[in-house]
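J.: pasted the sequence and its predicted model underneath.
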Amino acid sequence: MLNIIKMVQSFRPKAPEKSKEELAEDALYREVNEEIRAQRAYEFIKKHSRLLIAIAATALIIVIGFQLVKRHNALALKDSALAYESAAMMIDSGNPRAAAEAFARAAKKSSGGMADLALFSAAKISLQTGDAAAGIERLEWLAKSGATRDFRDLATLNLAMLKADDMTPNEFKQFTASLQTKRSPFYFTGLLLVAKKYLATGDADAARPWLDRITSDKDAPISIAAQAEMLK
């Protein structure tokens, strides 16, 4: 079989070799085609030059803008960190009230989680140094307008504990509504606080469903689940 295939292949007509004139003609055709393509490219660029320049300029502006924003963000983050560090040093120097004000200023100069952290620090120091009005005001602002959910809920949690005595159980439940979802990092703590509020008024029946939500959830932290079990 192989021999037959070789015989058939041997009888195939070979492509005729091109003469020097034909080779030269092919080279000429290629050269002409290249010139035509170059001319067309030139005409296209000439016709659309303004558009191409605009596109190139836009791309350059975007790249430069991105680099400037990146640099600005890096500098802003550095400034925020320095402002926070400076405020923290005031605590070490024994001047907590000045530290609270410095943290508040750092929060205004910062953004995102850094601003939230600075404002929460200012609020806690104010509360610890007896300036309850300033501390509560800062926590209320953070709970309403904080940049991150974690700090908004943390502020709400602290406010709930500060104001619990002035609220009925239903008011307290409504106040902590933002914590009563698993999207909140303080979900289980919020459930426990509501249950304790009902228990504080002697309403064990109202507290039980809140405690059951904790003890029946495998994701509940051990310490909180243990407290809920003891309170049932």
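T.: That came in fine, so what should we check first?
J.: report the buried residues of stretch 112-127.
T.: Neighbour-count burial for stretch 112-127, with 16 or more other CB atoms under 10 Å as criterion, is recorded at 114-127. Every C-beta, even on glycine, is put in place using the N, C-alpha and C of the backbone.
J.: show residues contacting it.
T.: 77, 80-81, 83-84, 87, 91, 96-97, 99-101, 103-104, 106-108, 110, 132, 134-136, 138-139, 141-142, 146-148, 150-152, 154-155, 158, 162 (CB atoms under 8 Å, 6 or more residues apart in numbering).
J.: can we see that at 7 Å?
T.: With contacts defined as CB atoms under 7 Å, 6 or more residues apart in numbering, stretch 112-127 is touched by 80, 84, 96, 99-100, 103-104, 106-107, 110, 134-135, 138-139, 142, 146-148, 151, 154-155.
J.: please apply the same query to stretch 219-232.
T.: Outside of stretch 219-232, the residues that reach it under the criterion CB under 7 Å, 6+ apart are 188-189, 192, 195, 199, 208, 211, 214-215.
J.: stretch 189-205 too?
T.: Applying CB under 7 Å, 6+ apart, the contact partners of stretch 189-205 are 157, 160, 164, 169, 172-173, 176, 179-180, 184, 206-207, 210-211, 213-214, 224, 227-228, 231.
J.: show me the domain layout of this protein.
T.: For the chain, whose domains are defined here by automatic domain parsing, the residue ranges read 65-165, 167-232.
J.: can you list the weak-confidence ranges in the protein?
T.: For the chain, residues meeting the criterion pLDDT under 70 lie at 1-85, 87-88.
J.: helices of that one, residue ranges please.
T.: Listed in chain order, the helices of the chain (DSSP state H) span residues 2-10, 20-47, 49-92, 96-109, 112-128, 132-145, 149-163, 169-175, 187-200, 204-215, 222-231.
J.: rewinding a little: just the buried ones from the contacts of stretch 112-127?
T.: Of all those considered here, the ones buried according to neighbour count by 16+ other CB under 10 Å are 80, 84, 99-100, 103-104, 106-107, 110, 134-135, 138-139, 142, 146-147, 151, 154-155.
J.: so who does residue 100 touch?
T.: Contacts of residue 100 by CB under 7 Å, 6+ apart are 122, 125-126, 129.
J.: oh sorry, the question was meant for residue 179
T.: The neighbourhood of residue 179, defined by CB under 7 Å, 6+ apart, consists of 153, 156-157, 186-187, 190.
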